[in-house]
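Engineer: Need a 3D model of the following:
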Amino acid sequence: MRSIPSLAALAAAMVLGTQALAGTVSIETAKGPVEVPASPEKIAVFDIAAIDTLNALGVAIAGAPQNVYVDHLEDISRSAEPIGTLFEPDFEALNALQPDLIIAGGRSSSQVEALSALAPTIDVTIWGDGLLDQARARLAAYGQLFDKTEEAARLDAEMAAAIDSLRTQATGAGKALIVLTNGPKISVYGPGSRFGWLYTELGIDAAVETTEDSTHGEGVSFEFIRDVNPDWLLVIDRAAAIGAEGASAAETLDNKLVAETTAWKKGQVIYLDAAKIYISAGGYQSVLDTMADLAAAFSKAN
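Structural biologist: Sure thing, here's the model as predicted:
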């Protein structure tokens, strides 16, 4: 005859079960839901967008890349232990740090398997179309992971309001062309590309519908820009984003062919903060700052 457990035994089992459940939490990542340690105290973060959002939530970061590229995150690079670069983790430094959780993504996503040998590691890559939805999903996941759900909800409401406001401003503002410069080279991006979220999620009309390469953009001539004749030029300076030498975007675009466009004639050329949209794209503060720059330009035009 099977014995019936006592109330005391049941209570003890319930406590142990609660403790086991409290030890991990399931959060959404770029690879789907993943079980990770709940409320990790010491984290190492390789993804700059993740550092941006975690910083907005007030989460302490123990280890970070030597160069975070983004000005408003420089304090973190000074206070956190250096753990390598975005592309090459310093495994000795990580081993010495002994993090409870490693957060990778984007340029460091290829290292997830190797990093997992040292500590639980998640991939939080944010990419391309749907970037704002991904950014908000990551914000909610971090709020759940670090017991900051109320803070995450407040920040999400602020982002949602900014998105709605900018969509209203973009309506009827004219057609825009996203141009990335890399020294003297130029490429353009349409909907569905790496920067396509500026069109599809913010309601900005695209001057071109498609581009040949969604990641690197379509290399074009200055004649192409003149012939497309956008009302707005949204400019990203790759060299400035990564700290490379070379002609600035303003220098590259300052020529007689670009000068024939409506955008140039009306002074509707927006030089976006390159690091925030190229390096930390999808980070909470970077997204809000990018939208604020666009909103200010549209407001001035109106």
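
Engineer: Quick check: Ile225 is in a helix.
Structural biologist: Yes - checked against DSSP: H, G, I helix; E, B strand; the rest coil, Ile225 lies within a helix.

Engineer: how does the chain divide up, domain by domain?
Structural biologist: Per the record, the chain has its domains at 23-147, 167-301, by automatic domain parsing.

Engineer: any chance of these in CSV, plus distance to Glu158 and mean neighbour count?
Structural biologist: Bear in mind the C-beta positions are built from the backbone N, C-alpha and C, glycine included. Putting those into CSV (distance: least, C-beta to C-beta, whole Å; neighbours: other C-beta atoms under 10 Å) gives the following:
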stretch, distance to Glu158, mean neighbour count
domain 23-147, 10, 19
domain 167-301, 7, 19
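
Engineer: Export the ones you listed to JSON lines and append columns for distance to Ala161 and mean pLDDT.
Structural biologist: JSON lines is the format used below for these (distance: least, C-beta to C-beta, whole Å; pLDDT from 0 to 100):
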{"stretch": "domain 23-147", "distance to Ala161": "12", "mean pLDDT": "95"}
{"stretch": "domain 167-301", "distance to Ala161": "10", "mean pLDDT": "94"}
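
Engineer: Could you dump these into TSV with distance to Arg154 added?
Structural biologist: Output for the domains of the chain, formatted as TSV (distance: least, C-beta to C-beta, whole Å):
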stretch	distance to Arg154
domain 23-147	10
domain 167-301	11
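
Engineer: Looking at the ones you listed, spot the one closest to Ala160.
Structural biologist: Distance to Ala160, taken as C-beta to C-beta, is lowest for domain 23-147 among the domains of the chain, at 7.7 Å.

Engineer: gap between the two ends of the closest one?
Structural biologist: In domain 23-147, first residue to last residue: 13 Å (C-alpha to C-alpha, to the nearest Å).

Engineer: Any idea how far that domain is from the middle of the chain?
Structural biologist: Computed by C-alpha atoms, centre = their mean, to the nearest Å, the chain-centroid distance of domain 23-147 equals 12 Å.

Engineer: what's the answer for stretch 270-277, then?
Structural biologist: What separates the centre of stretch 270-277 from the centre of its chain is 13 Å, taken as C-alpha atoms, centre = their mean.

Engineer: which residues touch Gly243?
Structural biologist: If you count contacts by C-beta atoms under 8 Å, 6 or more residues apart in numbering, Gly243 has them with Asn67, Tyr69.

Engineer: run the last query once more with 6 Å
Structural biologist: The neighbourhood of Gly243, defined by C-beta atoms under 6 Å, 6 or more residues apart in numbering, contains no residues.
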